[in-house]
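Undergrad: sequence plus predicted model, see below.
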Amino acid sequence: MTEGATGTGKLQIFSWTLFDFARTAFSVMIKTVGYALYFRAIVMLSSPNGDLYWGISDSISMLAAAVLSPILGAASDYARGRKRFLLGFTLLCVVFTALLVTVRPGMIFLGMLFFILANIGFEGGYAFYDAFLPRITTEKNYGRVSGYGFAMGYVGALTILALSFPLIKGGFEPSNIFNFRLSFGIAAVFFLIFSLPLFFFLKEQRVRLARKIPYIRLGFRRAFKTLKHIRSYRNIAWFLLAFFLYIDAVNTIIFFAAIFAQVTLHFTEVEVIIFFLVTQTTAILGAVLFGILADHIGPKKTISITLIMWICVVIGAFFVESKIAFYGVGLLAGLSIGSSQSSSRSLMAKLTPPEHAGEFFGFYDGICGNASAILGPSIFGLISAVTGNQRLAVLSIGFFFIMGLSVLQKVREEPPGAGLPS
């Protein structure tokens, strides 16, 4: 039985989407809302350099994940051992997310170190997770199944926010600081528990190796071979460049959204939580509807539509003056984020040779997804620190959407060629 033909049952798909449900606990409670606010206000003691240090932490972790993902992804293709690699990264994220509970005011080094290691686990595992998409469904359903995964993720976001709300509603009042930190532990446990079905129920064909070759050495060989011959897959090369540009902007907006709301528009901690609860509803809608749309008009056209929406979000964020108006921007951003990420994953699956899914998704999530996030947060943090104006920092992100949209037009939606050149 070939790799592309295994594990196509509903339980397989549900277990796969449930991992998105689980991992969103880290995305929301650590990267976007909870720890992002806690780091700037408490760990950094509201220092003007808070945005810069937060951006540097993200950039370091993204660089590490960018280096590891394509190498380990290539090794996992060889041994058909993606679940083992995914489990390792998941446990890394869970352990250091739990340790964030111990980070107190002024503990800048540990606060950065624990987040960096947790984020390496979070981002590094994504390539192995995405690489399962071509195995659990057929090409004609890539869009909707990818959309179901992201929709489950946003349902997970709503769930973890609801579970954590009693702990964080008191904000950063001295009597509530410990409760606020406990929400990081809740996120770690949530991620661990709801990720388990994937490891139990998602089937993976394993092979016995004729000779033992160290995974890292093998990964380097295959990753460099792919990089050397990437011009043989021109469609993938153009798409990876486009993805690199626009996903950088998406990641930056996710990373600084809560901080922008609090610093520029003076949202309270509770108002930030409510804002994200509201925007997650349109994110669920966008992931499902645009996932289905991608199966009908193609993922390339769908991504183009969402990038135009993102440009409108950036312009809106630059000019917005009131909290109510920012809710309107947030609803459009929610609709855009689910659709752009879902459609991108389905287009990558469509262009990728199945026998090299781990390797190619390693470049997609690692070099393009993670390495791109090194640039955006650093630029945002630097502009914010130098000018003291987060609106200018937001406006600079629009450049990446425009460039990504332009490069995307060079991509042709067609099946991948034969395997890698020998």
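TA: All right, it came through fine.

Undergrad: make it CA atoms for all contacts and neighbour counts henceforth
TA: Noted.

Undergrad: count the residues that sit near Leu133.
TA: Counted by other CA atoms under 10 Å, the residues lying close to Leu133 total 27.

Undergrad: so it is in contact with Tyr142, correct?
TA: Yes - using CA atoms under 8 Å, Leu133 is in contact with Tyr142, at 7.3 Å.

Undergrad: just give the nearest non-adjacent residue to Leu37, would you?
TA: Nearest non-adjacent residue to Leu37, counting by CA to CA, 6 or more residues apart in numbering: Ile259, 6.3 Å away.

Undergrad: do Gly9 as well
TA: Ile136 (7.3 Å).

Undergrad: can you give me the buried ones in the helix or strand that Thr252 is a member of?
TA: Under the criterion of DSSP states H and E, Thr252 resides in helix 234-263. Neighbour counts over helix 234-263 (16 or more other CA atoms under 10 Å) mark 235-262 as buried.

Undergrad: give the residues shared as contacts by Leu133 and Tyr142.
TA: Shared contacts of Leu133 and Tyr142, defined by CA atoms under 8 Å, 6 or more residues apart in numbering, comprise Ala349.

Undergrad: so what does Glu321 have for phi and psi?
TA: Glu321 adopts backbone torsions of phi -120, psi -30, taken as degrees, to the nearest 10.

Undergrad: cool, and Ser322?
TA: Dihedral pair for Ser322: phi -110, psi 160, per degrees, to the nearest 10.

Undergrad: wait, it sits on Thr264?
TA: No - distance between Ser322 and Thr264: 10.0 Å, which falls outside the contact criterion (CA under 8 Å).

Undergrad: which SS state does Ser46 fall under?
TA: coil (DSSP: H, G, I helix; E, B strand; the rest coil).

Undergrad: near the closest residue to Glu414 other than its chain neighbours, how many other residues are there?
TA: Spatially, and ignoring its direct neighbours in sequence, Glu414 is nearest to Leu351 (6.7 Å; CA to CA, 6+ apart). By other CA under 10 Å, 21 other residues sit near Leu351.

Undergrad: which SS class is Lys203?
TA: Per three-state DSSP, Lys203 ends up coil.

Undergrad: quick check, pLDDT for it.
TA: pLDDT, Lys203: 77.

Undergrad: which ones are touching Asp295?
TA: By CA under 8 Å, 6+ apart, the contact set of Asp295 is 140-144.

Undergrad: swap the cut-off to 6 Å and go again
TA: Counting by CA atoms under 6 Å, 6 or more residues apart in numbering, Asp295 makes contact with Gly143.

Undergrad: wait, isn't Gln12 in contact with Leu202?
TA: Yes - counting by CA atoms under 6 Å, Gln12 touches Leu202, with 5.2 Å between them.

Undergrad: higher neighbour count, Ser322 and Thr264?
TA: Thr264 (14 against 10).

Undergrad: what's the host helix or strand of Ser343 packed up against?
TA: Counting by DSSP H and E, the element that carries Ser343 is helix 323-351. Helix 323-351 makes packing contacts with helix 142-168, helix 269-297, helix 299-319 when contacts are defined by 3 or more CA pairs under 6 Å, 6 or more residues apart in numbering; DSSP states H and E.

Undergrad: reformat those as a markdown table; add distance to Asn179 and mean pLDDT.
TA: Output for the helices and strands packed on helix 323-351, formatted as a markdown table (distance: least, CA to CA, whole Å; pLDDT from 0 to 100):
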| stretch | distance to Asn179 | mean pLDDT |
| --- | --- | --- |
| helix 142-168 | 5 | 85 |
| helix 269-297 | 13 | 81 |
| helix 299-319 | 31 | 92 |
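
Undergrad: rewinding a little: the helix holding Thr252 to helix 269-297, inter-axis angle?
TA: 160 degrees (axes from the mean of the first three to the mean of the last three CA atoms, to 10 degrees).

Undergrad: give me the below-cutoff pLDDT ranges for the protein.
TA: Scanning the chain for pLDDT under 70 picks out 1-8, 70, 72-81, 204-231, 354-359, 362, 365-374, 415-422.

Undergrad: can you get me a residue count around Glu271?
TA: Look at Glu271: counted by other CA under 10 Å, it has 16 neighbours.

Undergrad: what separates it from Met112, distance-wise?
TA: From Glu271 across to Met112, the span is 26 Å (CA to CA, to the nearest Å).

Undergrad: just Tyr364 next, same as before
TA: 26 Å.

Undergrad: just checking, what packs against the helix or strand hosting Ser406?
TA: For Ser406, the host element (DSSP H and E) is helix 390-408. Helices and strands touching helix 390-408, by 3+ CA pairs under 6 Å, 6+ apart, are helix 234-263, helix 299-319, helix 371-387.

Undergrad: now the longest one against helix 299-319, angle please.
TA: Between the direction of helix 234-263 and that of helix 299-319, the angle (the same axes, to 10 degrees) works out to 20 degrees.

Undergrad: equivalent analysis for the last one, please.
TA: Between the direction of helix 371-387 and that of helix 299-319, the angle (the same axes, to 10 degrees) works out to 10 degrees.

Undergrad: who's in contact with stretch 249-267?
TA: By CA under 6 Å, 6+ apart, the residues outside stretch 249-267 that reach it are 32-33, 376-377, 397, 400.

Undergrad: now neighbour count and distance to Ile116 too, for the residues you listed, in JSON lines please.
TA: Listed next are the contacts of stretch 249-267 as JSON lines, based on neighbours: other CA atoms under 10 Å; distance: CA to CA, whole Å:
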{"residue": "Thr32", "neighbour count": "20", "distance to Ile116": "14"}
{"residue": "Val33", "neighbour count": "23", "distance to Ile116": "16"}
{"residue": "Gly376", "neighbour count": "28", "distance to Ile116": "17"}
{"residue": "Pro377", "neighbour count": "29", "distance to Ile116": "14"}
{"residue": "Ile397", "neighbour count": "24", "distance to Ile116": "23"}
{"residue": "Phe400", "neighbour count": "22", "distance to Ile116": "24"}
